[in-house]
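# below is the sequence, then the predicted model.
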Amino acid sequence: MKKTLLAALLSVVGMHCAVAAEPIDPIQPVKVENPALVNLGKMLFFDPRLSRSGFISCNSCHNLATGGVDNLKTSIGDRWAQGPINSPTVLNSFGQIAQFWDGRAKTLEEQAAGPIANPLEMASTHEMAVKVIASIPGYAKYFKAAFGDAGVTIDRITEAMAAFEKTLVTPNSRFDKWLKGNKKALTKQELAGYQLFKSSGCTMCHNGEKVGGSSFQKMGLVRPYETTNTAEGVKAVSGRDQDRMTFKVPILRNVELTYPYFHDGEAATLEKAVEVMGDVQLGRRYTEKETAQIVAFLKTLTGDQPKITYPVLPPSSAATPAFDPWAPAKK
Ligand code: HEC
Ligand code: HEC
């Protein structure tokens, strides 16, 4: 009896392995549970009035027309402030081990509270953000539809934004079609690139349905990575010296669109990023042909981009605090 149970268990495990033999899984489209909440979140994501200047929205740095990033080395914030770090994409961002390069926010809700009040980003305050949104009469019906009453709080703002961000999934990439059994979905070169990506060990860190986002790893595992960027990685959160230069492994979905690469934005092209990864993470120098194969594979990870209908935002009222983008900086 015991033996047969074990055999049955083993066969179940075996079957499961046969299905999940690849280290990367197809990414699933989302089911929207609360459309009113998502719609409000979309409006807020595009609303520049959440910033001090009245000019910067989440979409300024996470442009949904360009893969959810700004394609800049490091972002530009309030008063043209030079941001300290490259902006990661908001596409497929939900469900990672944590948010931010150093993982300092656990969830999207927690994350969204950050940029509004970050002096180098939107440079407002949570109180001001609430005051502004509450002063716009046209928002009331959207809060009511999402939450049951028109009350505006920072938690509701971030909850709605997170609900919207959860819908920013990009299924149906050519690689996913291949994973699901369409063997014609990849060219020979792309397939060779995937084999190399697996056999050389890239999938140790870039795996799962997001091809990343599931662990923190040292940048410069076998050779130190040289950069003038002062970001400390996870050390900034943990305080432990050994966590210096440890970062959340970035998502490689849509990586073709999310240049430049690395936390410092120093790799302008995918070729460069692949060379550096091979070198500092795996101690491997790829030939030009091998690099081209891996790059070709990475480009098959571009999925259907979310279809965004540009929201029409309700106008400000006389009660809305005036924006003064050029006001002298407070010391
Ligand atoms: C001025 C540019 C800028 C603005 C505006 C901005 N962000 Fe970001 N965002 C960044 C940068 C840079 C990072 C990375 C910061 C870090 O990791 O330390 C980031 C990180 C994130 C992440 C984490 C992604 C990941 O994979 O770790 C999410 C999600 C996000 N932003 C959403 C938002 C939302 C929502 C808003 C609007 C409330 C917003 N951002 C406004 C630049 C910006
Ligand atoms: C030991 C874990 C590890 C291995 C192995 C690894 N990576 Fe990475 N990868 C990372 C980390 C961590 C980062 C972020 C580093 C940074 O920005 O400083 C990264 C960043 C990247 C980026 C840039 C993504 C972006 O949006 O900025 C690409 C592309 C990439 N890796 C591809 C590869 C390829 C191809 C391989 C195999 C040759 C590989 N990686 C192997 C951990 C790893």
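It's in. Ligands and ions are numbered 1, 2, ... in the order given.
# OK, contacts around Ala98?
Contacts for Ala98 (CB atoms under 8 Å, 6 or more residues apart in numbering) come out as 104-106, 248. In this view, the C-beta of every residue, glycine as well, is placed from N, C-alpha and C.
# which of those residues come close to ligand 1?
Counting by CB under 6 Å from any ligand atom, nothing from the contacts of Ala98 sits close to ligand 1.
# ok, and the most crowded of those?
Neighbour counts for these, by other CB atoms under 10 Å, peak at Lys248, which reaches 24 neighbours.
# that one pairs with what?
Phe216 (DSSP bridges).
# can you name the residues that contact it?
96-98, 100-103, 213, 215-216 are the contacts of Lys248 under CB under 8 Å, 6+ apart.
# give the buried subset of those as a PyMOL selection command.
Of the contacts of Lys248, the buried ones go into a single PyMOL selection, burial set by 16 or more other CB atoms under 10 Å:
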select buried, resi 96+98+100+101+102+103+213+215+216
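# let me know the closest of the contacts of Lys248 to Ala318.
Nearest to Ala318 out of the contacts of Lys248 is Phe100 (CB to CB; 38.0 Å).
# what separates that closest one from Thr246, distance-wise?
13 Å (CB to CB, to the nearest Å).
# so Ile85 is in contact with Asn229, correct?
Yes: judged on CB atoms under 8 Å, Ile85 makes contact with Asn229 at a distance of 7.2 Å.
# so between the two, which is more surrounded?
Neighbour comparison, Ile85 and Asn229: the larger count goes to Ile85, with 20 against 16 (by other CB under 10 Å).
# enumerate every residue touching the more buried one.
74-75, 101, 229, 231, 263-264.
# again, 10 Å this time
Ile85 makes contact with 73-75, 100-102, 120, 229-231, 247, 262-265 under the criterion CB atoms under 10 Å, 6 or more residues apart in numbering.
# close to ligand 1: what parts of the chain are there?
Within the chain, the positions adjacent to ligand 1 are 56, 58, 60-62, 75, 77, 83, 85, 87-88, 90, 93, 96, 99-101, 108, 111-112, 115-116, 121-122, 161, 165 by CB under 6 Å from any ligand atom.
# any idea how many residues pack against Ala327?
Quick note: Ala327 (other CB under 10 Å) scores 10 neighbours.
# part of a helix, is it?
No: in this structure, Ala327 is coil, not part of a helix, as judged by DSSP: H, G, I helix; E, B strand; the rest coil.
# residues contacting it?
Ala327 makes contact with 52-53, 79, according to CB under 10 Å, 6+ apart.
# returning to what we had before: what touches both of Phe100 and Thr246?
Taking CB under 10 Å, 6+ apart as the contact rule, Phe100 and Thr246 both touch Val237.
# for the nearest residue to Ala268 once chain neighbours are set aside, what are phi and psi?
Distance criterion CB to CB, 6 or more residues apart in numbering; nearest residue to Ala268, sequence neighbours excluded, is Pro260 at 5.0 Å. Note on Pro260: backbone dihedrals following degrees, to the nearest 10 are phi -80, psi 170.
# restrict the helix or strand containing Met277 to CA atoms and write it as CSV.
Counting by DSSP states H and E, the element that carries Met277 is helix 270-282. C-alpha atoms of helix 270-282 as CSV (Å, rounded to 0.1, in the frame of the first residue of the first chain):
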residue,chain,number,x,y,z
LEU,A,270,21.2,44.6,-25.4
GLU,A,271,24.5,43.3,-26.9
LYS,A,272,26.4,45.3,-24.3
ALA,A,273,24.2,44.1,-21.5
VAL,A,274,24.6,40.4,-22.5
GLU,A,275,28.4,40.8,-22.8
VAL,A,276,28.6,42.3,-19.3
MET,A,277,26.3,39.7,-17.8
GLY,A,278,28.3,36.9,-19.3
ASP,A,279,31.5,38.5,-18.0
VAL,A,280,30.7,39.6,-14.5
GLN,A,281,28.0,37.0,-13.6
LEU,A,282,29.3,33.9,-15.3
